[in-house]
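[1] what follows is a protein structure lacking sequence information:
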């Protein structure tokens, strides 16, 4: 089969660092933290009282679409990010066939806030007072559904839910759809908004969240010996992937090329990575094999880097398994040190950061890195962004349930 080459022509983001890709990138290269006290509910009795919330998201960003007032926040985030990405791409439905433009956007959890709110309505007022919008408000596939309605694109459309790997799976699957010729362009990524009483209680009680509440900005410290859990975050990241030939023919601004996708399953534990990070290692190797690249061609790894004791240690081991001695020549950093863990949106926002790393030849740092861990002994680009040529990079995502995936990207 004559596979199509696939490039990135648009990006959109809603994150704890702000709304828009430019704001995200400025925050990353300047090492700004988006972590602060939880304001969505009273968390004073919780062991974890901090999160990475989206702070400035006015209704004006989505109010022109009346149905959106009935939708959960995670759907609004996806629509706003998709609008930015689509506008940046320059795709035009007066010229480009909407039947050849698809959408894959995932969410790890979906509208859990709506479940909590409407459960309380039913408890207090009875089942007849539950909103008829409950199901459309909470189902994860309503994010790609509303994006397709808003942008009027009619190609392949689906949703993915693989926890922390969701966004990267959505990008990788979209890459393959275009590569085999089933679409000309795909709007893809992830979205999440689960900073709610029930979700935070669940993550906290399972021991996944950091309890270092003061100062909030210093709590996420991937690969540092002091790490004690991740910071729950929210937001959306959307990319426009497109056939290279089509993008060039219309004079699109091309950021980079996506060249490989690998995924694997741990078959080990509901939350912990497999010993030695072997599942993550297989995903990275599969992505490099798909891209037909030797490990020594890679300059940078955008790590999953959650700031949990096991993840960071085992991801480090996985990188060393795949790259051997070259692992010590790689730059490795974690965006989660700045905007926390966006769950289903994490991989997509980190993919945007990886695209911009290649585009600008600037590697965002791992902030809050103070005490090296002997078991995490790679170059984590500590605390300051680094100007460095990056021709090839990979981005890792490792999800609860043992879902691992990696995408490989390169400059065009």
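    Okay, I see it. Everything numeric here is computed off the predicted structure, so don't read it as measured data. Numbering: from 1, shown residues only.

[2] next structured bit after the helix or strand bottoming out on mean pLDDT in the chain?
    Counting by mean pLDDT, DSSP states H and E, the weakest-scoring helix or strand in the chain turns out to be helix 134-138, with a mean of 95. Once helix 134-138 ends, the next helix or strand along the chain (criterion: DSSP states H and E) is helix 142-151.

[3] and that following helix, which residues are buried?
    Judged by neighbour count using 16 or more other Cβ atoms under 10 Å, the buried positions of helix 142-151 are 142, 143, 144, 145, 146, 147, 148, 150, 151. For the C-beta atoms, the positions are set from N, CA and C on the backbone; glycine is no exception.

[4] and of the residues you listed, the nearest to residue 133?
    Using Cβ to Cβ, residue 142 comes nearest to residue 133 of those, at 10.0 Å.

[5] identify the residues contacting that closest one.
    71, 75, 136 (Cβ atoms under 8 Å, 6 or more residues apart in numbering).

[6] quick one: the first one from residue 115, how far?
    Taking Cβ to Cβ, to the nearest Å as the measure, residue 71 falls 14 Å from residue 115.

[7] which one of those two has more residues nearby?
    Comparing residue 71 with residue 115 by other Cβ atoms under 10 Å, the one with more neighbours is residue 71, at 22 against 18.

[8] who's in contact with the closest residue to that one other than its chain neighbours?
    Distance criterion Cβ to Cβ, 6 or more residues apart in numbering; nearest residue to residue 71, sequence neighbours excluded, is residue 137 at 5.9 Å. Shown in contact with residue 137 (Cβ under 8 Å, 6+ apart): 70, 71, 72, 75, 111, 114, 131.

[9] among the residues you listed, which ones are buried?
    71, 72, 75, 111, 114.

[10] for the second one, which non-adjacent residue is spatially closest?
    Distances taken as Cβ to Cβ, 6+ apart put residue 111 closest to residue 72, at 3.7 Å, once the chain neighbours are dropped.

[11] correct me, but that neighbour touches residue 136?
    No - when contacts are counted by Cβ atoms under 8 Å, residue 111 is not listed as touching residue 136 (9.0 Å).

[12] SS state for residue 319?
    helix (DSSP: H, G, I helix; E, B strand; the rest coil).

[13] so it makes contact with residue 378?
    Yes - taking contacts as Cβ under 8 Å, residue 319 lies within contact range of residue 378: 6.5 Å.

[14] out of the two, which sits in the busier spot?
    The residue with more neighbours, out of residue 319 and residue 378, is residue 319; 26 against 20, by other Cβ under 10 Å.

[15] tell me how far the closest residue to the more buried one other than its chain neighbours lies from residue 298.
    Of all residues not flanking residue 319 in the chain, residue 327 sits nearest, at 5.2 Å (Cβ to Cβ, 6+ apart). Using Cβ to Cβ, residue 327 is found at 10 Å from residue 298.

[16] which parts of the stretch 301-412 of the chain are helices?
    309-323, 336-339, 346-360 (DSSP state H, counting those that start in this stretch).

[17] typo on my end, it should be the stretch 101-250 of the chain
    112-125, 134-138, 142-151, 166-179, 197-205, 244-249.

[18] closest one to residue 103 among the ones you listed?
    Between residue 103 and the helices of the stretch 101-250 of the chain, the tightest spacing by Cβ to Cβ is seen for helix 142-151, at 4.2 Å.

[19] now the closest one and helix 166-179, what's the angle there?
    Angle, helix 142-151 to helix 166-179, by axes from the mean of the first three to the mean of the last three Cα atoms, to 10 degrees: 50 degrees.

[20] just how off-centre is helix 142-151 within its chain?
    Counting by Cα atoms, centre = their mean, to the nearest Å, helix 142-151 is centred 18 Å from the centre of its parent chain.

[21] hmm, back to that, just flag the most distant two among the buried ones among the contacts of residue 137.
    Across those (Cβ to Cβ), the longest gap, 10.0 Å, separates 75 and 114.

[22] I'd say residue 350 and residue 398 touch.
    No - at 11.7 Å, residue 350 and residue 398 do not qualify as touching, with contact defined as Cβ under 8 Å.

[23] these two: which is more packed in?
    residue 398 (31 against 28).

[24] pull the distance from the top helix by length along the chain to the chain's centre.
    As assigned by DSSP state H, the longest helix anywhere in the chain is helix 73-89. Centroid separation between helix 73-89 and its chain, computed with Cα atoms, centre = their mean, is 14 Å.

[25] swap in stretch 226-240?
    7 Å.

[26] likewise for stretch 97-105?
    20 Å.

[27] mind listing what's buried along it?
    100, 101, 102, 103, 104, 105.
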